[in-house]
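Student: Output the structure for:
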Amino acid sequence: MKKASLLLLLTVGLVTTFQQTLIAQDTTNAKRVFKNTVHFNITNPIIFGGRSLIFGYQRVLNKRRAFSINIGQANFPTLNIIPADSIKGTSLRDQKGFHVSGDYRFYLAKENKYDAPRGVYIGPYFSYNYYEKEHSWNVQTTTGGTANVESNTNFTVSTLGVEMGYQFVFWNRLSVDMILAGPGIAAYKLEARLGTNLSEADRQKLFDKLNEALEDKFPGYNVAVDEGEFKKEGSTNTTTFGFRYLIQIGFRF
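Tutor: A predicted model of the protein is given here:
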């Protein structure tokens, strides 16, 4: 995934730059303690588009523990599900979605020189995403004709896992929070309903392409999918490997 690769390169650059800044910071002066941080997730808009706006709140409980919650608007990714010569979107009738997640963080005493929320942390997390889109399509059928298709797609992703990250603090107010690894178990549910007179072969083609596109956006989505049910009903459920990776910019108070 090209965007994921770019994010990894961005992370490496941020780590290098911020590490040099941390070395230069003066740590001899006593500083005021801020236990609250509000975050803005900059990763989701890059991957899923500008309609994905997610904000977070982090609370420090003591020198080595904290928790965070995140909530906001989620956007179903743009999916080029069928080549342009066989299907064209005529209109986007509606789209909506939301994101909710939370984690509990343990800041490692042996790895960190400073108290929470600055430094390396690990801990459990849970996230839930809901996406819905309604489209109108013009489809080239297998018989050489064209057909109008009204589609409604609902997609949910629930993930439970363990994360590892690092949070930088600058000037005692600005924070940059990076979750670098977040393996987990993800439950996917997809429902794709079509309002059309397409043949079974054309319906199957549409569903197959949709499934392929989701595999590209969501790692592990294709594992253990019940293809028989998906082909028949236009819906599927699967539980498989999930992952969490994000960068957040925050303000402490």
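Student: Look up the closest residue to Ile249, ignoring the ones flanking it.
Tutor: Spatial nearest neighbour of Ile249, chain neighbours left out: Phe40 (5.4 Å); criterion: CB to CB, 6 or more residues apart in numbering. Where you see a C-beta, it was placed from the backbone N, CA and C, and this is true even at glycine.
Student: That neighbour contacts Leu246, doesn't it?
Tutor: No: using CB atoms under 8 Å, Phe40 is not in contact with Leu246, being 10.7 Å away.
Student: Compare neighbour counts for the two and give me the winner.
Tutor: Using other CB atoms under 10 Å, the more surrounded residue of Phe40 and Leu246 is Leu246, with 23 against 17.
Student: check contacts around the more buried one.
Tutor: The contact partners of Leu246, by CB atoms under 8 Å, 6 or more residues apart in numbering, come to 41, 43-44, 178-179.
Student: List the beta-bridge partners for it.
Tutor: For Leu246, the beta-bridge partners under DSSP bridges are Ile179.
Student: For it, give its distance to Glu111.
Tutor: With the distance defined as CB to CB, to the nearest Å, Leu246 ends up 21 Å from Glu111.
Student: what are the phi and psi values for Gly49?
Tutor: As for Gly49, its main-chain torsions (degrees, to the nearest 10) stand at phi 110, psi 170.
Student: ok, the longest strand seen in the chain: who's next to it in the sheet?
Tutor: Counting by DSSP state E, the longest strand found in the chain is strand 146-170. Strand 146-170 pairs in its sheet with strand 119-140 (antiparallel), strand 174-181 (antiparallel), strand 184-195 (antiparallel), by DSSP bridges.
Student: Need phi/psi at the residue nearest to Ile249.
Tutor: Taking degrees, to the nearest 10 as the convention, Phe40 sits at phi -120, psi 130.
Student: and if you look at the one 3 residues further on?
Tutor: Here the main-chain torsion angles of Thr43 (degrees, to the nearest 10) amount to phi -80, psi -50.
Student: which ones are touching it?
Tutor: By CB under 8 Å, 6+ apart, the residues touching Thr43 are 7, 245-248.
Student: Out of these, grab the one that's most surrounded.
Tutor: Neighbour-wise, those (other CB under 10 Å) top out at Gln248, 25 neighbours.
Student: That one against Val38, yeah?
Tutor: No: counting by CB under 8 Å, Gln248 does not reach Val38; the two are 9.7 Å apart.
Student: Common neighbours of the two, please.
Tutor: Gly56.
Student: Lowest-confidence one in the contacts of Leu246?
Tutor: Across those, the smallest pLDDT goes to Asn44, namely 85.
Student: Report how many residues lie close to that residue.
Tutor: Counted with other CB under 10 Å, residues neighbouring Asn44 total 24.
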